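Peer 1: Fold the following for me, if possible:
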Amino acid sequence: MKVPAFAPTLPGKRDAGRSNLRLLIQLRWIAIGGQAVTIWVVERWLHIPLPLFPLLVAPALLVLINLASLPLLSRRSAITNAELTAALMLDVIALAWQLHYTGGLDNPFVSLFLLQVVIGAILLKPVTSWAIVAMTFIAVGLLALHSDRLAYPAEYRADPLALYVRGSVVSLALIAVLLVAFVTRMARNLSQRDASLAAARQRAAEEDHIVRMGLLASGAAHELGTPLSTLSVLVVDWQHMESLRDDHALQEDMADMAQAVERCKSIVSGILMSAGEARGIAPQVTTVRKFIEQIVGEWQGVLMPGSLHFHDHMGEDVVIVADAALRQVIGNVIDNAAEASPGRVDITAARREDDLVLEIADAGPGFSEEILENFGKPYRSTKGKPGGGLGLFLLVNVARKLGGDAQADNRPEGGARVELTLPLDSLAYRKAPTA
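Peer 2: Numbering: from 1, shown residues only. Prediction:
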């Protein structure tokens, strides 16, 4: 049997290498477009004959690299520094190839090498960023040793510097566009990373808070176990005393007392089970429908008759392992809903693809804007009680640890609504493999 395991995940956690590779792909598309436009302008407008076949090989190769990189982004969860370095080196080689056939160092677009160096210095580790610098030096050295000269028309031979100046202006414009696009996107990535780190720190603080709460609850549960057992025995003894047997009103009160004590003992056992101390109670294998119906049945005996309404839209049932922590947080939400709306609480269980969606709605005044903005944060409550606001905090964290989520809003017709979404796979019962 497999008991659901808590696997905490960080929201918004993204691999920096994937973001950087996506940025390189976007910049490469801009560079490919700039190269195509430049070749067209030089060939058609300036009437300078170009070796089109070798020049178009580089953009075609870069297009293929971009297309091959897209599946890599979708399939891989992380991109290594070596892969980013290889991508940048290919860009350096492609630029050197084009410059070789267009005048070498006499081509004003040679300054585009600086763009590759800047990108490498920002995106790569220091060692590999120096590798990009070394690759650039090698490319420049080879261009200085040999490159094909362009055959300029007679109109440009008289003043070749004027043509160089024009090319330099275009080169600087292209570098400016690419740098702005690059720096803007990098700033956005850094902002997203900072938000992710802040969320991670918040999550760590919340989980530390939960651990401390769990220790406190476990200790309290241990202390309460013995007196609750004593009360249970005393109530049963009173119910069987001959002097009290004929007092029907008192018998009904004692039956309610016995039920309340049993409920308290069940809560204590649930707390200890969540803390890994199950008081001899094994994890219970049940189904989603039975699990929810059991929770609803317990609360129907506590709340006003007819106030709790259960709507079953589950469809096919699924075998699960009952989770004590999940049972407890659902009960907390029902308790909050009943307190806000004693006359009407609706619980709806439905299935959305492979997820269980549990909705708890009431007809009360609804959530305040402050509660909705800070939903899931501890000690956010409108009740004004010390330690209040932990019910929704625990709900959100238990849901996240099970791979799900919890949301809250106000219904258009009035009242509050809490929606709990859980992947059924995280609760599913699996038999242990036999040897």
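
Peer 1: and residue 17, what does it touch?
Peer 2: Neighbour list for residue 17: 78-81, 83-84 [criterion: Cβ atoms under 8 Å, 6 or more residues apart in numbering]. Quick note: C-beta positions are derived from backbone N, CA and C, even for glycine.

Peer 1: Phi and psi next, for the closest residue to residue 133 other than its chain neighbours.
Peer 2: Once flanking residues are discounted, residue 133 sits nearest to residue 117: 5.8 Å by Cβ to Cβ, 6 or more residues apart in numbering. Dihedral angles of residue 117 (phi, psi; degrees, to the nearest 10) stand at phi -70, psi -40.

Peer 1: Now the strand or helix carrying residue 115: average pLDDT?
Peer 2: Using DSSP states H and E, residue 115 sits in helix 112-123. For helix 112-123, mean pLDDT is 86.

Peer 1: Can you list the neighbours in contact with it?
Peer 2: Applying Cβ under 8 Å, 6+ apart, the contact partners of helix 112-123 are 20, 23-24, 27, 84-85, 88, 91-92, 95, 128-129, 131-133, 136, 139-140, 171, 174-175, 178-179, 182, 186.

Peer 1: Convert the C-alpha atoms of it to PDB, please.
Peer 2: Extracted in PDB, the C-alpha atoms of helix 112-123 (Å, rounded to 0.1, in the frame of the first residue of the first chain):
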ATOM      1  CA  LEU A 112      28.500  42.600 -33.800                       C
ATOM      2  CA  PHE A 113      31.200  40.300 -32.200                       C
ATOM      3  CA  LEU A 114      30.900  42.700 -29.200                       C
ATOM      4  CA  LEU A 115      27.200  41.800 -28.800                       C
ATOM      5  CA  GLN A 116      28.100  38.100 -28.600                       C
ATOM      6  CA  VAL A 117      30.700  38.900 -25.900                       C
ATOM      7  CA  VAL A 118      28.200  41.000 -23.900                       C
ATOM      8  CA  ILE A 119      25.500  38.300 -24.000                       C
ATOM      9  CA  GLY A 120      28.000  35.600 -23.000                       C
ATOM     10  CA  ALA A 121      29.300  37.700 -20.100                       C
ATOM     11  CA  ILE A 122      25.700  38.100 -18.800                       C
ATOM     12  CA  LEU A 123      24.200  34.700 -19.400                       C
END
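
Peer 1: need the helix or strand of this protein with the lowest average pLDDT.
Peer 2: Least confident helix or strand, the chain: helix 154-157 with a mean of 68, by mean pLDDT, DSSP states H and E.

Peer 1: roughly how far apart are the residue nearest to residue 133 and residue 17?
Peer 2: 20 Å (Cβ to Cβ, to the nearest Å).

Peer 1: ditto for residue 102
Peer 2: Counting by Cβ to Cβ - residue 102 and residue 17 are separated by 33 Å.

Peer 1: Pull the number of nearby residues for the residue lying closest to residue 31 once chain neighbours are set aside.
Peer 2: Closest residue to residue 31 apart from its sequence neighbours, by Cβ to Cβ, 6+ apart: residue 178 at 6.8 Å. Residue neighbour count, defined by other Cβ atoms under 10 Å, stands at 19 for residue 178.

Peer 1: pLDDT score for residue 178?
Peer 2: Listed pLDDT for residue 178 reads 79.

Peer 1: which SS class is it?
Peer 2: helix (DSSP: H, G, I helix; E, B strand; the rest coil).

Peer 1: How about the contacts made by it?
Peer 2: So residue 178 contacts 27, 30-31, 34, 115 (Cβ under 8 Å, 6+ apart).

Peer 1: In helices only, show me these.
Peer 2: When DSSP state H defines the helices, the subset of those inside them is 27, 30-31, 34, 115.

Peer 1: Would you show me how to pick out the buried ones of those in ChimeraX?
Peer 2: Under the burial definition 16 or more other Cβ atoms under 10 Å, those of these that qualify are selected in ChimeraX by:
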select :27,31,34,115
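
Peer 1: Out of the ones in helices among the contacts of residue 178, flag the one nearest to residue 291.
Peer 2: Distances from residue 291 to the ones in helices among the contacts of residue 178, taken as Cβ to Cβ, are shortest for residue 27 (52.0 Å).

Peer 1: Looking at the ones in helices among the contacts of residue 178, which is nearest residue 331?
Peer 2: residue 27 (53.5 Å).

Peer 1: Quick check: the gap between that closest one and residue 167.
Peer 2: Counting by Cβ to Cβ - residue 27 and residue 167 are separated by 21 Å.

Peer 1: Which stretches in the stretch 51-200 of the chain count as helices?
Peer 2: 52-75, 81-100, 112-123, 126-145, 154-157, 160-239 (DSSP state H, counting those that start in this stretch).

Peer 1: low-scoring stretches of the chain, by residue?
Peer 2: The chain contains residues with pLDDT under 70 at 1-16, 153-154, 156-158, 160, 206-223, 225-226, 269-283, 378-390, 430-435.

Peer 1: Break it down into its structural domains.
Peer 2: Annotated domains of the chain cover 16-202, 204-274, 285-427 [automatic domain parsing].

Peer 1: just those: most buried one?
Peer 2: When these are scored by mean count of other Cβ atoms under 10 Å, the highest mean neighbour count falls to domain 285-427 (a mean of 17).

Peer 1: Quick one: end-to-end length of that domain, please.
Peer 2: 10 Å (Cα to Cα, to the nearest Å).

Peer 1: One more: stretch 409-419?
Peer 2: One end of stretch 409-419 sits 9 Å from the other (Cα to Cα).

Peer 1: ok now it, how far from the chain's centre?
Peer 2: How far stretch 409-419 lies from its chain's middle: 25 Å, per Cα atoms, centre = their mean, to the nearest Å.

Peer 1: Give me the contacts around it.
Peer 2: 333, 337, 340-341, 357-367, 372, 392, 395, 406-408.

Peer 1: Recalculate using a threshold of 7 Å.
Peer 2: Stretch 409-419 is contacted from outside by 333, 340-341, 357, 359-364, 366-367, 372, 406-408, using Cβ atoms under 7 Å, 6 or more residues apart in numbering.

Peer 1: cool, and stretch 28-39?
Peer 2: Contacts of stretch 28-39 (Cβ under 7 Å, 6+ apart): 50, 55, 59, 62-63, 66, 91, 170, 174, 177-178, 181.

Peer 1: swap the cut-off to 6 Å and go again
Peer 2: Contact with stretch 28-39 is made by 55, 59, 62, 66, 174, as judged by Cβ atoms under 6 Å, 6 or more residues apart in numbering.
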